[in-house]
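>>> Mind folding the following:
(2 chains)
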2 protein chains.
Amino acid sequence: MDKYAVIVAGGSGSRMKSDIPKQFLLLAGKPVLMHTIKQFALVDRNIKIVLVLPSEEIAAWESLIEDHSFQIPHSVVAGGATRVESVRNGLDQVPSGSLVAIHDGVRPLVSTKLINISFAQALENGSGVAAVNSKDSIRKIDADTSYNVSRSEYRLMQTPQTFKSDLVKEAFLNYSGDMATDDATIVEKSGHNIVLVEGEYSNLKITTPEDLVIAQALLGNKVVR
Amino acid sequence: MDKYAVIVAGGSGSRMKSDIPKQFLLLAGKPVLMHTIKQFALVDRNIKIVLVLPSEEIAAWESLIEDHSFQIPHSVVAGGATRVESVRNGLDQVPSGSLVAIHDGVRPLVSTKLINISFAQALENGSGVAAVNSKDSIRKIDADTSYNVSRSEYRLMQTPQTFKSDLVKEAFLNYSGDMATDDATIVEKSGHNIVLVEGEYSNLKITTPEDLVIAQALLGNKVVR
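Here you go, the predicted model:
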């Protein structure tokens, strides 16, 4: 089956206290997003990469490609008003009968190993969705109290979230909500069970200045890859 | 009210792939545990610090104190077979009518601000327990499936977990389990509501080699403190 990656980069820089969208911030001298794309290209040079960007950022991305002589082939589509719409726009580029990994643009430290595992699981069972155990105890919050729950019964979700394209395309067509949630939940709402694969603590989502410092350190120490 | 800190350092180095217990590993040239103790001393020089260590590590700790000319006054008590026993041994050193912060020895990046907030909340409402929102979506795992839950209804627990000493001492006396859980849960089991305070993403628990790299980077970039 042909493999696709839909890389979604819709965030602003607001939580980064930066005017630059976080996917364009420099990590080891290169925009975060270039690291992310490279990991997918490293897995398999035949993976087709679809980058979803806010339309107002596409020109800036093209300049960055030139400035950094970025060579990895990919197509660019404009995102929508919500993450769900952005993913849907990306999935429009993916034919049925293929596999598609949906991935956060700001998770540049994903390993090629994890990408491979999620594709393999999706090929075999329809979905392969990265998730990790919580290192911390978890509490459930109720109206006026909170109580401990067993953390072994919960998983923290990451990306890639990889699916047979027919399954995820149909789910996104049928989904009318715009709730901020993960893609697996939308697939699940259309009646499919989700298969989890073991994610990586180093596969962090860059959303704060601290995260950029952390990513830089992990890259520099070759803890990742 | 007098303030105490019970700092619990019971972990082995097994997940660190190291023979050195993780609390003794060097961070910016000093054992992790010395950073942790220093943060409490910085809050208030009158805080009484009780360090709980496995008995077989006490001699090594005394050598480290000498090697690093570590000056911050603290008492050392031997831990037990489980974390619950270790905390109980620490609490035995804390008089009633005081406030006590229970803290993981391997959370060296806790800010003085967070320590202060947790003491203030415990003084006012009996407990002040650090917790953060999850940045990731959360799934609940059932026997043969899993489903998305609303992450806004959950918190990931950290330390310090600070209490009025009478409340937590009584709870630990009455608790007969040895389940690995957080201290707030034990206080809760004795019939008290838990009050949460906003923790810090940088307040990480050092349990893997990656965590040590991350802590080093955060310290070096003065993201913390």
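>>> host element of whichever residue of chain A sits closest to chain B?
Going by C-beta to the nearest C-beta, chain B is nearest to A:Ala217 of chain A, at 3.2 Å. Where you see a C-beta, it was placed from the backbone N, CA and C, and this is true even at glycine. Here A:Ala217, judged by DSSP states H and E, is contained in helix A:209-220.
>>> do A:Ala101 as well
Judged by DSSP H and E, A:Ala101 forms part of strand A:99-104.
>>> what's the closest non-adjacent residue to the residue of chain A closest to chain B?
Take A:Ala217 and drop its neighbours on the chain: the residue closest to it by C-beta to C-beta, 6 or more residues apart in numbering or on different chains is B:Ala217, 3.2 Å away.
>>> hmm, back to that, how about the helix holding A:Ala217: buried residues?
Neighbour counts over helix A:209-220 (16 or more other C-beta atoms under 10 Å in any protein chain shown) mark A:209-215, A:217-219 as buried.
>>> Equivalent analysis for stretch A:26-33, please.
So for stretch A:26-33, counting by 16+ other C-beta under 10 Å, buried means A:27, A:31-33.
>>> go on, stretch A:3-12?
Using 16+ other C-beta under 10 Å as the test for burial, stretch A:3-12 gives A:3-11.
>>> Name the residues that touch it?
A:21-23, A:33, A:36-37, A:40, A:44, A:46-54, A:57, A:74, A:79, A:83, A:86-87, A:90-91, A:93-94, A:98-106, A:119, A:160, A:165, A:207 (C-beta atoms under 8 Å, 6 or more residues apart in numbering or on different chains).
>>> ok, now with 7 Å
A:21-23, A:33, A:36-37, A:40, A:44, A:46-54, A:79, A:83, A:86-87, A:90-91, A:94, A:98-106, A:119, A:165 (C-beta atoms under 7 Å, 6 or more residues apart in numbering or on different chains).
>>> Just the buried residues of those residues.
By neighbour count, with 16+ other C-beta under 10 Å, those hold A:21-23, A:33, A:36-37, A:40, A:47-54, A:79, A:83, A:86-87, A:90-91, A:94, A:98-106, A:119, A:165 as buried.
>>> which bits of chain A sit near chain B?
For chain A, the residues in contact with chain B (C-beta under 7 Å from any C-beta of the partner chain) are A:131, A:134-141, A:145-148, A:153-158, A:181-182, A:185, A:188, A:193-194, A:196, A:201-202, A:205, A:207-210, A:213-214, A:216-218, A:221, A:223.
>>> residues contacting the closest residue to A:Ile206 other than its chain neighbours?
Sequence neighbours aside, A:Val106 is the residue nearest to A:Ile206 in space, at 4.4 Å (criterion: C-beta to C-beta, 6+ apart). By C-beta under 7 Å, 6+ apart, the contact set of A:Val106 is A:9, A:11, A:22-23, A:32, A:205-207.
>>> related to what we said a few turns ago, possible to save the buried residues of stretch A:3-12 as a markdown table with pLDDT?
A markdown table is the format used below for those (pLDDT from 0 to 100):
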| residue | pLDDT |
| --- | --- |
| A:Lys3 | 98 |
| A:Tyr4 | 98 |
| A:Ala5 | 98 |
| A:Val6 | 98 |
| A:Ile7 | 98 |
| A:Val8 | 96 |
| A:Ala9 | 93 |
| A:Gly10 | 79 |
| A:Gly11 | 61 |
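>>> Surely A:Ala131 and A:Thr159 touch.
No: if you go by C-beta atoms under 7 Å, A:Ala131 and A:Thr159 don't touch, sitting 9.9 Å apart.
>>> Those two: which has the busier surroundings?
Each of A:Ala131 and A:Thr159 has its neighbours counted (other C-beta atoms under 10 Å in any protein chain shown); A:Thr159 has more, 31 against 24.
>>> where's that one, which helix or strand?
strand A:154-164.
>>> Quick check: which helices or strands does the host helix or strand of A:Ile65 pack against?
Assignment of secondary structure by DSSP H and E places A:Ile65 within helix A:58-67. In this structure, helix A:58-67 makes packing contacts with strand A:75-78, judged by 3 or more C-beta pairs under 7 Å, 6 or more residues apart in numbering or on different chains; DSSP states H and E.
>>> downstream neighbour of the strand it packs on in the secondary structure list?
helix A:83-91.
>>> That next one to strand A:99-104, inter-axis angle?
140 degrees (axes from the mean of the first three to the mean of the last three C-alpha atoms, to 10 degrees).
>>> what about helix A:83-91, average pLDDT?
Here helix A:83-91 scores 93 as its mean pLDDT.
>>> quick one: it to chain centroid distance?
Counting by C-alpha atoms, centre = their mean, to the nearest Å, helix A:83-91 is centred 12 Å from the centre of its parent chain.
>>> Same check on stretch A:28-35?
How far stretch A:28-35 lies from its chain's middle: 15 Å, per C-alpha atoms, centre = their mean.
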